[in-house]
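Chemist: This is a predicted model, with the sequence first.
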There are 2 protein chains.
Amino acid sequence: MLTIGQLASYAGVTVRAVRHYHQIGLLPEPERDSSGYRRYGAKAVVSLIKIRTLADAGVPLSQIGQMLDADPSTFAETIQRIDNRLHDEIERLKTSRKQIAQLAARDSLALPSEVVRYLDRLREIGVAERVVEGERDGWILVAARWPDHIHEMIPAKLAQLDDPQLVRLYRVLSEISESDVGDDSRLEEVADIMAAGMAEQAANSGETDPADVTPDDLPFDLLDALAVESDPRAQRLLDMMRERGWGSWTRSRPERLADPPDQGLSSRS
Amino acid sequence: MLTIGQLASYAGVTVRAVRHYHQIGLLPEPERDSSGYRRYGAKAVVSLIKIRTLADAGVPLSQIGQMLDADPSTFAETIQRIDNRLHDEIERLKTSRKQIAQLAARDSLALPSEVVRYLDRLREIGVAERVVEGERDGWILVAARWPDHIHEMIPAKLAQLDDPQLVRLYRVLSEISESDVGDDSRLEEVADIMAAGMAEQAANSGETDPADVTPDDLPFDLLDALAVESDPRAQRLLDMMRERGWGSWTRSRPERLADPPDQGLSSRS
DNA sequence: TGGGGGGTTGACGCAGCGTCAGGGTCAAGT
DNA sequence: ACTTGACCCTGACGCTGCGTCAACCCCCCA
């Protein structure tokens, strides 16, 4: 008769595993000897090897019991199900590997490659890192809400960078971000350029029915709030934009009069 | 400000997941409002999306925290490690799938295909199912101990089946297994054929030094014990073999005299 | 004023064991 | 007779990433 250690080593498993199989009723508890040790016969060895074979093949322990005394057709069905499960799992992991490959570049956290290229363009232009990071986080929010629209939006943003006014805008923003005083005159300039840009965009996009535009305010509110959280001076900028008739710099349509006065995220109760 | 539900749905995760990230310190607990509700700002949304992105890519939660504020080279290293892990995991599952494909045929539980063919041959010869199952379990024990020697042993076994004496042996065994009386005269015949077979084998294998043979008695003991456990009448057969000078029918070498009288597994304390 | 759909903490459950903790047992050496 | 070291025993927590109650609080609407 074998002890549990001998049994386990013959089958190539750990003692703990054997006891676990006892606990879940997969392997029947054997007789004990006078000192309470479990004593195993040859059939237990065979059973244990069968169990390990199935377990190594990816069969969940909870199903092994039924498989060991199932008729061949049931057995085959179960095998098929397990195999499908394994296949799906493999696909899941492969997808993960693809995604992880995308993450090699730091910026691409949660961002499609087009956006990463856009951010690199900003850096080339000389935009301060803090501002680029703010932009990146903003795009993360946008990508989460409208993942399919990103590739329509990015070309427009890239084109805007050919406009000297917008380059000027980013330069001024960078300077502001690197100083820590509240310099209202620069903010006024920023607001002016932004307002002009918004007007131009609104004109270009033609006479779209306001009700036709997505009524989903949350992402815009988040973008505004993100800016304010990153740099409280952004709140002044928001106010300035509102003075100029825009809900914020993130909304490409005029503020509706019926809206409550403060659209900022900070006021959502 | 967002509630936990709004935050979760924006990022495409469950409320429970968000709370879990709080618990393990992955996402900082936000301020509470007057009634104890968590209130989230835009940065929390961005953080959560980043977390989900990494988690979806297969990064364990325990590492995501460090990754989010790691320098690019550390980040890349970690990514590499994760990718290796995923790769290994995929290989494991692929191996499982291969193994599970092998299991399609019922007998092949823990057995190489050569053995399955051997067992099929036995069935063709007309060996009773109970005897075949006994053989199968025996081979499971053998395969577990000497997996690499199986393909040397099976051809010899197949060749033996061309010997009319051995076919006779299996036939008698089958008859015995299907009756339930202790028929000593038939057992004697079985023992005689077995002893003759053992002698022939011993002669064929030449003058191998007894000390040269594997000293590993355990598998033989298990094989003997397996037979006895399957059918107590096998104990008589063991005794008969011992009378004829053989340790058992499983040992292809003569019993050493120095050995204790009862080699059976049942006597191991 | 009641009901439905939020939110809160706390705790168990899942798979398959690994890994202590805190004992007892066996075989062998001194 | 005593010690050592290698086993054995039970019981219980740990790991991963949440799902799923339970039991209670909060807000808004008809």
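Modeler: Received the coordinates, thanks.

Chemist: does the residue nearest the centre of chain A count as helix, strand or coil?
Modeler: By Cα atoms, centre = their mean, chain A has its centre lying nearest to residue A:110, at 5.7 Å. Put simply, residue A:110 is coil when judged by DSSP: H, G, I helix; E, B strand; the rest coil.

Chemist: Could I get the contacting residues of it?
Modeler: Contacts for residue A:110 were tallied using Cβ atoms under 8 Å, 6 or more residues apart in numbering or on different chains; they are A:140, A:143, A:144, B:49, B:50, B:52, B:53. In short, each C-beta sits where N, CA and C put it, glycine included.

Chemist: Need the per-residue pLDDT for it.
Modeler: At residue A:110 the predicted local confidence, pLDDT, stands at 76.

Chemist: Not counting residues beside it along the chain, what's closest to it?
Modeler: Spatial nearest neighbour of residue A:110, chain neighbours left out: residue B:53 (4.1 Å); criterion: Cβ to Cβ, 6 or more residues apart in numbering or on different chains.

Chemist: what's the neighbour count on that neighbour?
Modeler: 22 (other Cβ atoms under 10 Å in any protein chain shown).

Chemist: My guess is it contacts residue A:112. True?
Modeler: No. The criterion here is Cβ atoms under 8 Å, and residue B:53 misses it with residue A:112 at 11.6 Å.

Chemist: Mutual contacts of the two, please.
Modeler: With Cβ under 8 Å, 6+ apart applied, the contact sets of residue B:53 and residue A:112 do not overlap.

Chemist: Grab the nearest non-local neighbour of residue A:14.
Modeler: residue A:8 (6.0 Å).

Chemist: element containing that neighbour, please.
Modeler: helix A:4-11 (DSSP states H and E).

Chemist: next one: residue A:158
Modeler: Using DSSP H and E, residue A:158 sits in helix A:150-160.

Chemist: tell me which strands and helices that helix is in contact with?
Modeler: Counting contacts by 3 or more Cβ pairs under 8 Å, 6 or more residues apart in numbering or on different chains; DSSP states H and E, helix A:150-160 packs against helix A:113-125, helix A:129-145.

Chemist: Which of these sits closest to DNA strand D?
Modeler: Counting by Cβ to the nearest atom of the strand, DNA strand D lies closest to helix A:129-145 out of the helices and strands packed on helix A:150-160; the figure is 16.6 Å.

Chemist: Now that closest one: average pLDDT?
Modeler: 94.

Chemist: What of stretch A:201-219?
Modeler: For stretch A:201-219, the mean pLDDT works out to 63.

Chemist: hang on, the earlier thing: tabulate the helices and strands packed on helix A:150-160 (JSON lines), appending mean neighbour count.
Modeler: Below are those laid out as JSON lines (neighbours: other Cβ atoms under 10 Å in any protein chain shown):
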{"stretch": "helix A:113-125", "mean neighbour count": "16"}
{"stretch": "helix A:129-145", "mean neighbour count": "20"}
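
Chemist: Can you say which of those is nearest to DNA strand C?
Modeler: Closest approach to DNA strand C among the helices and strands packed on helix A:150-160 is made by helix A:129-145 (17.5 Å; Cβ to the nearest atom of the strand).

Chemist: Can you give the contact residues for whichever helix or strand residue A:192 is part of?
Modeler: Residue A:192 is part of helix A:184-204, with elements assigned from DSSP H and E. Residues from elsewhere that reach helix A:184-204 (Cβ under 8 Å, 6+ apart): A:160, A:163, A:165-166, A:168-169, A:172-173, A:175-176, A:233, A:236-237, A:240-241, A:243-246, A:249, A:252-254.

Chemist: Recalculate using a threshold of 10 Å.
Modeler: By Cβ atoms under 10 Å, 6 or more residues apart in numbering or on different chains, the residues outside helix A:184-204 that reach it are A:156, A:160, A:163, A:165-166, A:168-170, A:172-173, A:175-176, A:179, A:183, A:208, A:233-234, A:236-254.

Chemist: okay, and for chain A, where does confidence drop off?
Modeler: For chain A, the stretches with pLDDT under 70 are A:105-107, A:205-215, A:251-269.

Chemist: Would you mind naming what in chain A lies close to DNA strand D?
Modeler: A:3, A:4, A:5, A:6, A:15, A:19, A:36, A:37, A:38, A:269 (Cβ under 7 Å from any atom of the strand).

Chemist: Might you report the residue contacts of residue A:94?
Modeler: By Cβ under 10 Å, 6+ apart, the contact set of residue A:94 is B:86, B:87, B:90.

Chemist: which residue sits closest to the last one in space, ignoring its chain neighbours?
Modeler: Read that as residue B:90. residue A:93 (5.0 Å).

Chemist: which secondary structure element contains the one you found?
Modeler: Residue A:93 is part of helix A:72-102, with elements assigned from DSSP H and E.

Chemist: What residues does the stretch 101-250 of chain A have near chain B?
Modeler: Within the stretch 101-250 of chain A, the positions lying close to chain B (Cβ under 10 Å from any Cβ of the partner chain) are A:101-106, A:108-111, A:136-141, A:143-145, A:218-219, A:221-230.

Chemist: can you list the domain ranges for chain A.
Modeler: Domain assignment of chain A by automatic domain parsing yields the ranges A:1-61, A:70-102, A:107-267.

Chemist: So which of those domains is nearest DNA strand C?
Modeler: Closest to DNA strand C of these is domain A:1-61 (Cβ to the nearest atom of the strand; 3.3 Å).

Chemist: give me the subset of the contacts of residue A:110 touching DNA strand C.
Modeler: Of the contacts of residue A:110, not one also sits near DNA strand C (Cβ under 7 Å from any atom of the strand).

Chemist: could you dump those to TSV with distance to residue B:117?
Modeler: Below are those laid out as TSV (distance: Cβ to Cβ, whole Å):
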residue	distance to residue B:117
A:140	60
A:143	58
A:144	58
B:49	57
B:50	57
B:52	52
B:53	52
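
Chemist: Strands of the stretch 151-269 of chain A, start to end?
Modeler: For the stretch 151-269 of chain A, strands defined by DSSP state E, counting those that start in this stretch do not occur.

Chemist: Just want the angle from the helix holding residue A:8 to helix B:129-145.
Modeler: Counting by axes from the mean of the first three to the mean of the last three Cα atoms, to 10 degrees, helix A:4-11 points 90 degrees away from the direction of helix B:129-145.

Chemist: could I have helix A:4-11 exported to PDB, CA atoms only?
Modeler: Output of helix A:4-11 as PDB, limited to C-alpha atoms (Å, rounded to 0.1, in the frame of the first residue of the first chain):
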ATOM      1  CA  ILE A   4      -0.100   9.800  -0.200                       C
ATOM      2  CA  GLY A   5       3.400  11.000  -1.000                       C
ATOM      3  CA  GLN A   6       4.200   7.900  -3.000                       C
ATOM      4  CA  LEU A   7       0.900   8.000  -4.800                       C
ATOM      5  CA  ALA A   8       1.400  11.600  -5.700                       C
ATOM      6  CA  SER A   9       5.000  11.200  -6.900                       C
ATOM      7  CA  TYR A  10       4.000   8.200  -9.100                       C
ATOM      8  CA  ALA A  11       1.300  10.200 -10.800                       C
END
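
Chemist: For the closest residue to DNA strand D within chain A, which non-adjacent residue is spatially closest?
Modeler: Chain A approaches DNA strand D most closely through residue A:5 (2.5 Å), counting by Cβ to the nearest atom of the strand. Residue nearest to residue A:5 in three dimensions, not counting chain neighbours: residue A:15, with 5.7 Å by Cβ to Cβ, 6+ apart.
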